[in-house]
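> give me the fold of what follows.
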Amino acid sequence: MTPQSYPPFAILLVDDEPAWLKSLSLTLRSCAGLTNIVTCQESRDVMGLLDRGGIGLVLLDLTMPHISGEELLKAIGECHPEVTTIVVSGLNQLETAVRCMKLGAFDYFIKTDEEDRIVGGVLRAVRMKEMERDYREMAGRLASGELQHPEAFAPIVTGDRGMLAIFAYVEAVAKSPQPLLITGESGVGKELVARAAHALSGCRGKLVTVNVAGLDDTVFSDTLFGHVRGAFTGAEQVRRGMVEEAGDGTLFLDEIGDLSIPSQVKLLRLLQEGEYFPLGSDQPRRLSARIIVATHQNLAEKEGAGTFRRDLYYRLRTHQVYVPPLRERTGDIPLLLDHFLAEAARALGKKKPTPPRELAPLLATYGFPGNVRELKAMAYDAVSIHREKMLSMDSFVRAVGTAKQTATSPSSSARQNPFAGFPDLPTFAEAAGFLVAEAMARAGGNQTLAARLLGISQPALNKRLKMLRD
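Modelled structure (predicted):
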(Lines give C-alpha, C1' and ligand atoms only; values in the text may rest on other atoms or scores of the structure.)
Protein backbone atom coordinates (compact mmCIF):
# COMPACT_ATOMS: atom_id res chain seq x y z
CA MET A 1 0.00 0.00 0.00
CA THR A 2 1.42 3.39 -0.97
CA PRO A 3 1.30 6.30 1.52
CA GLN A 4 -1.55 7.82 -0.46
CA SER A 5 -3.69 4.67 -0.51
CA TYR A 6 -7.13 4.39 1.05
CA PRO A 7 -8.54 2.30 2.66
CA PRO A 8 -5.73 0.70 4.71
CA PHE A 9 -6.73 -2.72 3.35
CA ALA A 10 -6.79 -3.60 -0.34
CA ILE A 11 -9.98 -3.98 -2.40
CA LEU A 12 -9.73 -6.85 -4.90
CA LEU A 13 -11.79 -6.60 -8.10
CA VAL A 14 -12.31 -9.97 -9.80
CA ASP A 15 -13.72 -10.19 -13.34
CA ASP A 16 -12.62 -11.81 -16.60
CA GLU A 17 -13.57 -8.65 -18.54
CA PRO A 18 -10.64 -6.17 -18.50
CA ALA A 19 -12.84 -3.30 -19.70
CA TRP A 20 -15.17 -3.74 -16.72
CA LEU A 21 -12.25 -3.95 -14.29
CA LYS A 22 -10.81 -0.71 -15.66
CA SER A 23 -14.18 1.05 -15.59
CA LEU A 24 -14.99 -0.02 -12.02
CA SER A 25 -11.50 0.91 -10.79
CA LEU A 26 -11.81 4.41 -12.25
CA THR A 27 -15.30 4.82 -10.77
CA LEU A 28 -14.21 3.82 -7.27
CA ARG A 29 -11.18 6.12 -7.47
CA SER A 30 -12.97 9.19 -8.80
CA CYS A 31 -16.34 8.87 -7.03
CA ALA A 32 -15.32 7.36 -3.68
CA GLY A 33 -11.64 8.21 -3.24
CA LEU A 34 -10.80 4.49 -2.97
CA THR A 35 -7.26 4.08 -4.28
CA ASN A 36 -5.99 0.86 -2.67
CA ILE A 37 -7.35 -1.33 -5.47
CA VAL A 38 -6.04 -4.61 -6.88
CA THR A 39 -7.52 -6.22 -10.04
CA CYS A 40 -7.58 -9.87 -11.08
CA GLN A 41 -8.83 -11.34 -14.40
CA GLU A 42 -7.98 -14.97 -13.62
CA SER A 43 -10.33 -16.68 -11.16
CA ARG A 44 -7.69 -19.34 -10.37
CA ASP A 45 -5.40 -16.67 -8.89
CA VAL A 46 -7.90 -15.29 -6.37
CA MET A 47 -7.24 -17.60 -3.42
CA GLY A 48 -3.48 -17.17 -3.81
CA LEU A 49 -3.86 -13.40 -3.65
CA LEU A 50 -5.98 -13.69 -0.51
CA ASP A 51 -3.45 -16.06 1.09
CA ARG A 52 -0.79 -13.35 0.86
CA GLY A 53 -2.89 -11.12 3.13
CA GLY A 54 -3.69 -7.42 3.05
CA ILE A 55 -7.01 -7.76 1.22
CA GLY A 56 -10.13 -6.85 3.19
CA LEU A 57 -12.83 -6.56 0.52
CA VAL A 58 -13.52 -8.50 -2.70
CA LEU A 59 -15.84 -7.41 -5.53
CA LEU A 60 -16.62 -10.62 -7.37
CA ASP A 61 -18.17 -11.44 -10.74
CA LEU A 62 -20.13 -14.69 -10.95
CA THR A 63 -19.76 -15.81 -14.57
CA MET A 64 -16.07 -16.59 -15.17
CA PRO A 65 -14.15 -19.45 -16.81
CA HIS A 66 -12.33 -22.11 -14.76
CA ILE A 67 -13.78 -21.29 -11.31
CA SER A 68 -17.22 -19.74 -10.98
CA GLY A 69 -17.96 -16.80 -8.75
CA GLU A 70 -20.20 -18.89 -6.49
CA GLU A 71 -17.41 -21.42 -5.95
CA LEU A 72 -15.00 -18.61 -5.07
CA LEU A 73 -17.57 -17.05 -2.74
CA LYS A 74 -17.88 -20.32 -0.85
CA ALA A 75 -14.10 -20.81 -0.71
CA ILE A 76 -13.53 -17.28 0.57
CA GLY A 77 -16.10 -17.82 3.32
CA GLU A 78 -14.39 -21.06 4.41
CA CYS A 79 -10.71 -20.03 4.13
CA HIS A 80 -10.86 -16.27 4.69
CA PRO A 81 -13.95 -15.44 6.77
CA GLU A 82 -12.37 -12.09 7.73
CA VAL A 83 -12.67 -10.93 4.09
CA THR A 84 -15.92 -9.20 3.05
CA THR A 85 -17.29 -10.08 -0.38
CA ILE A 86 -19.66 -8.13 -2.63
CA VAL A 87 -21.04 -9.77 -5.76
CA VAL A 88 -21.23 -7.55 -8.88
CA SER A 89 -22.79 -9.73 -11.54
CA GLY A 90 -24.32 -9.47 -14.96
CA LEU A 91 -27.04 -11.89 -13.83
CA ASN A 92 -30.27 -10.29 -12.65
CA GLN A 93 -31.76 -13.38 -11.03
CA LEU A 94 -33.38 -13.40 -7.60
CA GLU A 95 -32.52 -17.06 -6.94
CA THR A 96 -28.84 -16.42 -7.64
CA ALA A 97 -28.81 -13.35 -5.39
CA VAL A 98 -30.42 -15.32 -2.54
CA ARG A 99 -27.87 -18.16 -2.93
CA CYS A 100 -25.00 -15.68 -2.80
CA MET A 101 -26.33 -13.99 0.32
CA LYS A 102 -26.69 -17.40 1.99
CA LEU A 103 -23.05 -18.11 1.10
CA GLY A 104 -22.03 -14.98 2.99
CA ALA A 105 -22.04 -12.17 0.41
CA PHE A 106 -22.23 -8.72 2.04
CA ASP A 107 -24.25 -7.33 -0.89
CA TYR A 108 -25.33 -8.14 -4.44
CA PHE A 109 -25.36 -5.70 -7.36
CA ILE A 110 -26.13 -5.90 -11.06
CA LYS A 111 -23.57 -4.45 -13.45
CA THR A 112 -26.30 -2.35 -15.03
CA ASP A 113 -27.11 -0.69 -11.70
CA GLU A 114 -26.38 3.01 -11.40
CA GLU A 115 -22.82 3.85 -10.42
CA ASP A 116 -23.95 5.64 -7.26
CA ARG A 117 -25.65 2.49 -5.98
CA ILE A 118 -22.59 0.29 -6.46
CA VAL A 119 -20.24 2.94 -5.01
CA GLY A 120 -22.55 3.39 -2.01
CA GLY A 121 -22.51 -0.34 -1.33
CA VAL A 122 -18.74 -0.48 -1.51
CA LEU A 123 -18.40 2.49 0.86
CA ARG A 124 -20.78 0.84 3.34
CA ALA A 125 -18.62 -2.28 3.31
CA VAL A 126 -15.44 -0.22 3.77
CA ARG A 127 -16.95 1.64 6.72
CA MET A 128 -18.08 -1.62 8.29
CA LYS A 129 -14.55 -3.02 7.99
CA GLU A 130 -13.15 0.15 9.53
CA MET A 131 -15.57 -0.01 12.45
CA GLU A 132 -14.69 -3.67 13.03
CA ARG A 133 -11.01 -2.72 13.12
CA ASP A 134 -11.72 0.20 15.45
CA TYR A 135 -13.66 -2.04 17.82
CA ARG A 136 -10.92 -4.67 17.96
CA GLU A 137 -8.22 -2.09 18.52
CA MET A 138 -10.24 -0.19 21.11
CA ALA A 139 -11.12 -3.36 23.02
CA GLY A 140 -7.47 -4.41 23.08
CA ARG A 141 -6.20 -1.02 24.21
CA LEU A 142 -8.84 -0.59 26.91
CA ALA A 143 -8.30 -4.14 28.17
CA SER A 144 -4.56 -3.57 28.55
CA GLY A 145 -5.08 -0.16 30.20
CA GLU A 146 -1.63 0.94 29.05
CA LEU A 147 -0.78 3.79 26.70
CA GLN A 148 1.49 2.94 23.81
CA HIS A 149 2.27 6.60 23.13
CA PRO A 150 1.97 8.56 26.40
CA GLU A 151 4.07 11.35 24.88
CA ALA A 152 1.06 12.42 22.79
CA PHE A 153 -0.71 13.44 26.01
CA ALA A 154 2.29 15.17 27.62
CA PRO A 155 0.74 18.69 27.22
CA ILE A 156 -2.23 17.58 29.39
CA VAL A 157 -1.15 17.80 33.03
CA THR A 158 -3.10 15.25 35.07
CA GLY A 159 -2.82 12.32 37.43
CA ASP A 160 -6.56 11.64 37.49
CA ARG A 161 -7.56 8.04 36.75
CA GLY A 162 -10.61 9.17 34.79
CA MET A 163 -8.43 11.33 32.54
CA LEU A 164 -6.01 8.46 32.00
CA ALA A 165 -8.95 6.28 30.92
CA ILE A 166 -9.89 9.00 28.43
CA PHE A 167 -6.33 8.94 27.07
CA ALA A 168 -6.58 5.18 26.52
CA TYR A 169 -9.86 5.60 24.64
CA VAL A 170 -8.51 8.42 22.45
CA GLU A 171 -5.42 6.37 21.61
CA ALA A 172 -7.66 3.43 20.66
CA VAL A 173 -9.84 5.42 18.24
CA ALA A 174 -7.20 7.88 16.97
CA LYS A 175 -6.62 6.05 13.68
CA SER A 176 -10.33 5.67 12.92
CA PRO A 177 -11.57 7.72 9.95
CA GLN A 178 -14.89 8.21 11.74
CA PRO A 179 -15.58 11.57 13.47
CA LEU A 180 -14.51 12.12 17.07
CA LEU A 181 -16.83 14.20 19.30
CA ILE A 182 -15.24 15.89 22.32
CA THR A 183 -17.59 17.41 24.90
CA GLY A 184 -16.98 19.24 28.16
CA GLU A 185 -17.26 22.65 29.76
CA SER A 186 -15.29 25.63 28.47
CA GLY A 187 -11.69 25.61 29.59
CA VAL A 188 -11.30 21.87 30.33
CA GLY A 189 -8.80 21.30 27.51
CA LYS A 190 -10.87 19.91 24.62
CA GLU A 191 -8.44 21.28 22.02
CA LEU A 192 -5.51 19.56 23.77
CA VAL A 193 -7.40 16.26 23.47
CA ALA A 194 -8.00 16.98 19.77
CA ARG A 195 -4.28 17.68 19.28
CA ALA A 196 -3.40 14.38 20.95
CA ALA A 197 -5.86 12.51 18.72
CA HIS A 198 -4.32 14.15 15.65
CA ALA A 199 -0.79 13.29 16.79
CA LEU A 200 -1.80 9.64 17.19
CA SER A 201 -3.88 9.43 14.00
CA GLY A 202 -1.01 8.82 11.60
CA CYS A 203 -2.41 11.57 9.36
CA ARG A 204 0.35 13.10 7.23
CA GLY A 205 -1.24 16.55 7.08
CA LYS A 206 -1.54 19.25 9.70
CA LEU A 207 -4.22 20.03 12.28
CA VAL A 208 -6.47 22.89 11.15
CA THR A 209 -8.70 24.45 13.83
CA VAL A 210 -11.88 26.38 13.03
CA ASN A 211 -14.13 27.92 15.70
CA VAL A 212 -17.56 27.87 14.07
CA ALA A 213 -19.37 29.79 16.83
CA GLY A 214 -21.18 32.80 15.41
CA LEU A 215 -20.63 31.91 11.74
CA ASP A 216 -23.73 32.33 9.57
CA ASP A 217 -24.34 29.75 6.86
CA THR A 218 -22.62 31.68 4.05
CA VAL A 219 -19.49 32.43 6.09
CA PHE A 220 -19.44 28.83 7.34
CA SER A 221 -19.57 27.48 3.77
CA ASP A 222 -16.92 29.90 2.55
CA THR A 223 -14.66 29.17 5.53
CA LEU A 224 -14.87 25.39 5.20
CA PHE A 225 -15.28 24.88 1.47
CA GLY A 226 -13.75 28.00 -0.06
CA HIS A 227 -14.92 29.61 -3.29
CA VAL A 228 -14.02 29.95 -6.93
CA ARG A 229 -13.38 33.26 -8.65
CA GLY A 230 -16.61 35.12 -9.34
CA ALA A 231 -18.66 33.04 -6.90
CA PHE A 232 -20.11 36.25 -5.45
CA THR A 233 -19.54 39.99 -5.58
CA GLY A 234 -16.01 40.69 -4.44
CA ALA A 235 -14.74 37.14 -5.00
CA GLU A 236 -11.88 38.19 -7.27
CA GLN A 237 -9.54 35.39 -6.23
CA VAL A 238 -9.92 31.67 -5.62
CA ARG A 239 -10.00 30.88 -1.90
CA ARG A 240 -8.98 27.53 -0.44
CA GLY A 241 -11.36 26.34 2.25
CA MET A 242 -10.26 24.87 5.55
CA VAL A 243 -11.23 21.36 4.37
CA GLU A 244 -8.71 21.65 1.55
CA GLU A 245 -6.22 23.36 3.88
CA ALA A 246 -6.37 20.37 6.23
CA GLY A 247 -5.59 18.08 3.29
CA ASP A 248 -4.60 14.64 4.59
CA GLY A 249 -4.52 15.93 8.16
CA THR A 250 -7.23 16.72 10.70
CA LEU A 251 -9.97 19.35 10.62
CA PHE A 252 -10.99 20.36 14.15
CA LEU A 253 -14.34 22.19 14.37
CA ASP A 254 -14.79 23.83 17.77
CA GLU A 255 -18.14 24.94 19.26
CA ILE A 256 -20.06 22.71 16.86
CA GLY A 257 -23.21 23.09 18.98
CA ASP A 258 -23.61 26.68 17.71
CA LEU A 259 -24.04 25.69 14.05
CA SER A 260 -27.22 26.79 12.29
CA ILE A 261 -29.49 24.13 10.78
CA PRO A 262 -28.46 24.94 7.14
CA SER A 263 -24.80 24.62 8.12
CA GLN A 264 -25.55 21.35 9.91
CA VAL A 265 -26.98 19.99 6.65
CA LYS A 266 -23.77 20.84 4.80
CA LEU A 267 -21.60 19.28 7.48
CA LEU A 268 -23.74 16.14 7.39
CA ARG A 269 -23.27 15.85 3.62
CA LEU A 270 -19.53 16.29 4.05
CA LEU A 271 -19.44 13.42 6.55
CA GLN A 272 -21.84 11.12 4.73
CA GLU A 273 -20.75 11.60 1.13
CA GLY A 274 -17.13 12.54 1.78
CA GLU A 275 -17.39 15.38 -0.73
CA TYR A 276 -18.11 19.11 -0.84
CA PHE A 277 -18.62 21.95 -3.31
CA PRO A 278 -16.66 25.22 -3.10
CA LEU A 279 -19.01 28.20 -3.44
CA GLY A 280 -19.71 28.88 -7.11
CA SER A 281 -18.46 25.47 -8.27
CA ASP A 282 -20.44 22.51 -9.58
CA GLN A 283 -17.45 20.16 -9.37
CA PRO A 284 -17.35 18.14 -6.13
CA ARG A 285 -14.11 17.70 -4.22
CA ARG A 286 -13.19 14.80 -1.97
CA LEU A 287 -12.73 15.04 1.77
CA SER A 288 -9.41 13.49 2.79
CA ALA A 289 -9.07 14.96 6.31
CA ARG A 290 -10.18 13.37 9.59
CA ILE A 291 -12.96 15.34 11.30
CA ILE A 292 -12.87 16.11 15.05
CA VAL A 293 -15.57 18.29 16.61
CA ALA A 294 -16.01 19.77 20.08
CA THR A 295 -18.69 21.59 22.03
CA HIS A 296 -19.43 22.74 25.58
CA GLN A 297 -23.15 22.29 24.92
CA ASN A 298 -25.30 19.22 25.52
CA LEU A 299 -26.00 17.99 21.98
CA ALA A 300 -28.49 15.37 23.21
CA GLU A 301 -30.61 18.14 24.75
CA LYS A 302 -30.29 20.30 21.62
CA GLU A 303 -31.30 17.35 19.46
CA GLY A 304 -34.34 16.76 21.68
CA ALA A 305 -35.27 20.44 21.42
CA GLY A 306 -35.01 20.31 17.62
CA THR A 307 -32.10 22.76 17.35
CA PHE A 308 -29.56 20.10 16.35
CA ARG A 309 -30.24 17.58 13.60
CA ARG A 310 -30.68 14.02 14.84
CA ASP A 311 -28.92 12.44 11.85
CA LEU A 312 -25.89 14.69 12.32
CA TYR A 313 -25.83 14.04 16.07
CA TYR A 314 -25.74 10.27 15.60
CA ARG A 315 -23.17 10.65 12.84
CA LEU A 316 -20.88 12.67 15.12
CA ARG A 317 -21.17 10.46 18.19
CA THR A 318 -19.54 7.38 16.64
CA HIS A 319 -16.55 8.06 18.89
CA GLN A 320 -17.11 10.48 21.77
CA VAL A 321 -15.14 11.74 24.75
CA TYR A 322 -16.36 13.73 27.75
CA VAL A 323 -13.64 15.76 29.48
CA PRO A 324 -14.66 16.28 33.14
CA PRO A 325 -14.50 19.75 34.76
CA LEU A 326 -11.69 20.65 37.14
CA ARG A 327 -14.00 20.56 40.18
CA GLU A 328 -14.46 16.81 39.55
CA ARG A 329 -10.71 16.19 39.56
CA THR A 330 -9.41 18.43 42.35
CA GLY A 331 -6.43 16.11 42.76
CA ASP A 332 -5.04 17.71 39.58
CA ILE A 333 -5.04 21.21 41.10
CA PRO A 334 -1.58 20.93 42.78
CA LEU A 335 -0.08 19.50 39.55
CA LEU A 336 -1.64 22.17 37.37
CA LEU A 337 -0.72 24.94 39.79
CA ASP A 338 2.93 23.86 39.81
CA HIS A 339 2.91 23.57 36.01
CA PHE A 340 1.37 27.01 35.40
CA LEU A 341 3.59 28.73 37.98
CA ALA A 342 6.67 27.36 36.19
CA GLU A 343 5.24 28.26 32.78
CA ALA A 344 4.34 31.79 33.89
CA ALA A 345 7.78 32.29 35.45
CA ARG A 346 9.49 31.30 32.17
CA ALA A 347 7.19 33.53 30.12
CA LEU A 348 7.73 36.53 32.42
CA GLY A 349 11.46 35.99 32.92
CA LYS A 350 11.16 35.36 36.66
CA LYS A 351 12.24 32.67 39.05
CA LYS A 352 9.52 30.17 39.84
CA PRO A 353 7.89 31.14 43.16
CA THR A 354 7.17 28.72 45.99
CA PRO A 355 3.42 28.42 46.66
CA PRO A 356 2.27 28.23 50.31
CA ARG A 357 0.97 24.85 51.46
CA GLU A 358 -2.50 26.29 52.06
CA LEU A 359 -2.94 27.45 48.45
CA ALA A 360 -3.89 24.14 46.78
CA PRO A 361 -6.43 23.24 49.53
CA LEU A 362 -7.94 26.73 49.21
CA LEU A 363 -8.32 26.32 45.44
CA ALA A 364 -9.86 22.88 45.93
CA THR A 365 -12.80 24.57 47.71
CA TYR A 366 -13.55 26.65 44.62
CA GLY A 367 -15.79 25.45 41.80
CA PHE A 368 -13.68 26.83 38.89
CA PRO A 369 -16.41 27.68 36.37
CA GLY A 370 -13.61 28.54 33.92
CA ASN A 371 -11.85 25.23 34.68
CA VAL A 372 -8.16 24.78 33.79
CA ARG A 373 -8.11 27.99 31.75
CA GLU A 374 -9.22 29.96 34.82
CA LEU A 375 -6.56 28.38 37.04
CA LYS A 376 -3.92 29.26 34.44
CA ALA A 377 -5.05 32.89 34.41
CA MET A 378 -4.87 32.99 38.23
CA ALA A 379 -1.32 31.60 38.20
CA TYR A 380 -0.11 34.08 35.58
CA ASP A 381 -1.66 36.99 37.48
CA ALA A 382 -0.03 35.91 40.75
CA VAL A 383 3.42 35.46 39.16
CA SER A 384 3.19 38.82 37.36
CA ILE A 385 2.91 40.70 40.69
CA HIS A 386 5.15 38.32 42.67
CA ARG A 387 8.13 39.89 44.47
CA GLU A 388 9.08 37.66 47.43
CA LYS A 389 10.37 34.07 47.52
CA MET A 390 7.06 32.72 48.87
CA LEU A 391 4.11 33.28 46.56
CA SER A 392 1.39 35.46 48.03
CA MET A 393 -2.10 33.98 48.26
CA ASP A 394 -3.74 37.41 48.10
CA SER A 395 -4.43 37.44 44.34
CA PHE A 396 -5.91 33.93 44.50
CA VAL A 397 -8.09 34.83 47.50
CA ARG A 398 -9.32 37.95 45.68
CA ALA A 399 -10.05 36.03 42.48
CA VAL A 400 -11.94 33.28 44.30
CA GLY A 401 -13.80 35.76 46.51
CA THR A 402 -14.78 37.99 43.57
CA ALA A 403 -16.02 35.00 41.59
CA LYS A 404 -18.11 33.75 44.52
CA GLN A 405 -19.49 37.25 45.11
CA THR A 406 -20.46 37.58 41.46
CA ALA A 407 -22.14 34.19 41.51
CA THR A 408 -24.30 35.28 44.47
CA SER A 409 -26.20 38.17 42.93
CA PRO A 410 -28.76 40.20 44.95
CA SER A 411 -31.62 38.66 43.00
CA SER A 412 -30.57 35.19 44.09
CA SER A 413 -29.56 36.01 47.68
CA ALA A 414 -32.82 34.69 49.12
CA ARG A 415 -32.41 31.42 47.21
CA GLN A 416 -28.79 31.14 48.33
CA ASN A 417 -29.65 31.69 52.00
CA PRO A 418 -29.03 28.27 53.59
CA PHE A 419 -31.56 28.98 56.36
CA ALA A 420 -34.42 29.98 54.04
CA GLY A 421 -37.40 27.68 54.57
CA PHE A 422 -36.14 26.22 57.85
CA PRO A 423 -39.07 25.77 60.27
CA ASP A 424 -36.69 26.18 63.26
CA LEU A 425 -33.71 28.52 62.97
CA PRO A 426 -30.45 27.62 64.72
CA THR A 427 -29.10 29.95 67.38
CA PHE A 428 -26.11 32.20 66.59
CA ALA A 429 -23.86 29.85 68.52
CA GLU A 430 -25.18 26.80 66.65
CA ALA A 431 -24.87 28.52 63.25
CA ALA A 432 -21.30 29.60 64.06
CA GLY A 433 -20.50 26.04 65.06
CA PHE A 434 -21.85 24.66 61.77
CA LEU A 435 -19.79 27.21 59.80
CA VAL A 436 -16.59 26.41 61.68
CA ALA A 437 -17.09 22.65 61.29
CA GLU A 438 -17.72 23.00 57.53
CA ALA A 439 -14.72 25.30 57.03
CA MET A 440 -12.42 22.89 58.90
CA ALA A 441 -13.74 19.97 56.81
CA ARG A 442 -13.13 21.84 53.54
CA ALA A 443 -9.67 22.94 54.68
CA GLY A 444 -8.72 19.39 55.63
CA GLY A 445 -8.11 20.43 59.22
CA ASN A 446 -5.82 23.34 58.27
CA GLN A 447 -6.74 26.21 60.64
CA THR A 448 -4.99 28.90 58.55
CA LEU A 449 -6.98 27.95 55.46
CA ALA A 450 -10.24 27.52 57.40
CA ALA A 451 -9.84 31.01 58.86
CA ARG A 452 -9.36 32.43 55.35
CA LEU A 453 -12.52 30.65 54.17
CA LEU A 454 -14.48 32.18 57.05
CA GLY A 455 -12.95 35.65 56.67
CA ILE A 456 -11.68 35.75 60.25
CA SER A 457 -8.25 35.66 61.87
CA GLN A 458 -6.64 32.41 62.93
CA PRO A 459 -6.72 33.39 66.65
CA ALA A 460 -10.46 34.08 66.34
CA LEU A 461 -10.98 30.66 64.72
CA ASN A 462 -8.88 29.00 67.41
CA LYS A 463 -11.08 30.63 70.06
CA ARG A 464 -14.21 29.35 68.34
CA LEU A 465 -12.77 25.81 68.19
CA LYS A 466 -12.02 25.90 71.93
CA MET A 467 -15.58 27.04 72.62
CA LEU A 468 -16.94 24.11 70.57
CA ARG A 469 -14.78 21.62 72.47
CA ASP A 470 -15.82 22.97 75.90
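> would you mark the buried spots in stretch 56-69?
Buried positions in stretch 56-69, judged by neighbour count with 16 or more other C-beta atoms under 10 Å: 56-62, 64, 67, 69. All C-beta spots, glycine's among them, are computed from the backbone N, C-alpha and C.
> please apply the same query to stretch 146-159.
147, 152-153, 156-158.
> walk me through the domains of the chain.
10-135, 151-324, 326-408, 427-470 (automatic domain parsing).
> coming back round to it: quick check, nearest of the buried residues of stretch 146-159 to Pro278?
Ala152 (33.1 Å; C-beta to C-beta).
> the closest one and Val193 touch, don't they?
No. Using C-beta atoms under 8 Å, Ala152 is not in contact with Val193; the gap is 10.2 Å.
> least reliable of the domains of the chain by average pLDDT, please.
For the domains of the chain, the weakest mean pLDDT is recorded on domain 427-470, namely a mean of 81.
> next one: that domain to chain centre, how far?
Relative to its chain's centre, domain 427-470 lies at 45 Å (C-alpha atoms, centre = their mean, to the nearest Å).
> stretch 320-330 too?
That offset, for stretch 320-330, works out to 14 Å (C-alpha atoms, centre = their mean).
> again, but for stretch 44-53
The answer for stretch 44-53 is 38 Å, by C-alpha atoms, centre = their mean.
> what residues of that stretch count as buried?
Result for stretch 44-53 [16+ other C-beta under 10 Å]: buried residues 46, 49-50.
> return the member of those nearest to Tyr169.
Ranked by distance to Tyr169 (C-beta to C-beta), the buried residues of stretch 44-53 are led by Leu50 at 33.0 Å.
> quick check: which element contains that closest one?
According to DSSP states H and E, Leu50 maps onto helix 46-51.
> returning to what we had before: reformat the domains of the chain as TSV; add distance to Asn417.
Below are those laid out as TSV (distance: least, C-beta to C-beta, whole Å):
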stretch	distance to Asn417
domain 10-135	52
domain 151-324	27
domain 326-408	10
domain 427-470	12
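> and of the ones you listed, who's closest to Phe419?
domain 427-470 (7.7 Å).
> and the closest one, how far apart are its ends?
Taking C-alpha to C-alpha, to the nearest Å, the span from the opening residue of domain 427-470 to its closing residue is 17 Å.
> cool, stretch 63-83 as well?
Terminal residues of stretch 63-83 lie 21 Å apart, using C-alpha to C-alpha.
> quick one: it to chain centroid distance?
The answer for stretch 63-83 is 40 Å, by C-alpha atoms, centre = their mean.
> ok, now stretch 420-428?
For stretch 420-428, the distance to the chain centre is 48 Å (C-alpha atoms, centre = their mean).
> can you check stretch 254-270 too?
For stretch 254-270, the distance to the chain centre is 16 Å (C-alpha atoms, centre = their mean).
> cool, stretch 149-168 as well?
14 Å.
> quick one, strands of the stretch 301-450 of the chain?
Applying DSSP state E, counting those that start in this stretch to the stretch 301-450 of the chain gives strands spanning 319-322.
> now the helices for the stretch 301-450 of the chain?
Applying DSSP state H, counting those that start in this stretch to the stretch 301-450 of the chain gives helices spanning 310-316, 333-348, 359-364, 371-384, 394-407, 413-416, 428-442, 447-454.
> what does the closest residue to Arg44 other than its chain neighbours show for phi and psi?
Once flanking residues are discounted, Arg44 sits nearest to His66: 5.2 Å by C-beta to C-beta, 6 or more residues apart in numbering. Torsion angles at His66 (phi, psi; degrees, to the nearest 10) stand at phi 70, psi -70.
> cool, the one 10 residues further on as well?
When quoted as degrees, to the nearest 10, the phi and psi of Ile76 stand at phi -60, psi -40.
> how close does it get to Arg44?
14 Å (C-beta to C-beta, to the nearest Å).
> how far away is His114 from Gly433?
To be clear, residue 114 is Glu; His isn't right here. For Glu114 relative to Gly433 (C-beta to C-beta), the value is 80 Å.
> so between the two, which is more surrounded?
Gly433 (16 against 9; other C-beta atoms under 10 Å).
> narrow the buried residues of stretch 56-69 to those in helices?
Members of the buried residues of stretch 56-69 lying in helices (criterion: DSSP state H): Gly69.
> possible to save the buried residues of stretch 56-69 as a markdown table with distance to Gln272?
Formatted as a markdown table, these follow (distance: C-beta to C-beta, whole Å):
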| residue | distance to Gln272 |
| --- | --- |
| Gly56 | 22 |
| Leu57 | 20 |
| Val58 | 25 |
| Leu59 | 22 |
| Leu60 | 26 |
| Asp61 | 29 |
| Leu62 | 30 |
| Met64 | 34 |
| Ile67 | 37 |
| Gly69 | 31 |
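> closest one of the buried residues of stretch 56-69 to Gly444?
Gly56 (56.3 Å).
> so that closest one makes contact with Ile11?
Yes. Between Gly56 and Ile11 there is a contact at 7.3 Å, judged by C-beta under 8 Å.
> any idea which element the closest residue to Gln320 other than its chain neighbours lies in?
Leaving aside its sequence neighbours, Gln320 sits nearest to Leu181 (C-beta to C-beta, 6+ apart; 4.2 Å). Element membership for Leu181 (DSSP H and E) is strand 180-183.
> residues near the residue nearest to Gln320, how many?
21.
> quick check, Asp113 in a helix?
No. Asp113: not assigned to a helix; according to DSSP: H, G, I helix; E, B strand; the rest coil it is coil.
> Gly202 versus that one, what's the distance?
Distance from Asp113 to Gly202, by C-beta to C-beta: 35 Å.
> so for these two, which residue has more residues nearby?
Neighbours per residue (other C-beta under 10 Å) separate Asp113 from Gly202, with Asp113 holding more: 13 against 10.
> the residue nearest to Gln320 contacts Tyr322, doesn't it?
No. With contact defined as C-beta under 8 Å, Leu181 does not reach Tyr322; the gap is 9.3 Å.
> how far away is Arg469 from Ile456?
On the measure of C-beta to C-beta, Arg469 and Ile456 end up 18 Å apart.
> let me redo that: Leu336
29 Å.
> what sits against Leu34?
6-7, 11, 28, 122-123, 126 (C-beta atoms under 8 Å, 6 or more residues apart in numbering).
> again, 7 Å this time
Shown in contact with Leu34 (C-beta atoms under 7 Å, 6 or more residues apart in numbering): 6-7, 11, 28, 122.
> and the gap between Asp254 and Ala305?
Asp254 is 21 Å from Ala305, by C-beta to C-beta.
> check Thr112 too.
46 Å.
> after the one helix or strand Val98 maps to comes which helix or strand?
If you go by DSSP H and E, Val98 is part of helix 94-102. Once the chain leaves helix 94-102, the next helix or strand it forms, by DSSP H and E, is strand 107-110.
> hmm, Val58 is touching Val14, no?
Yes. Counting by C-beta atoms under 7 Å, Val58 touches Val14, with 6.4 Å between them.
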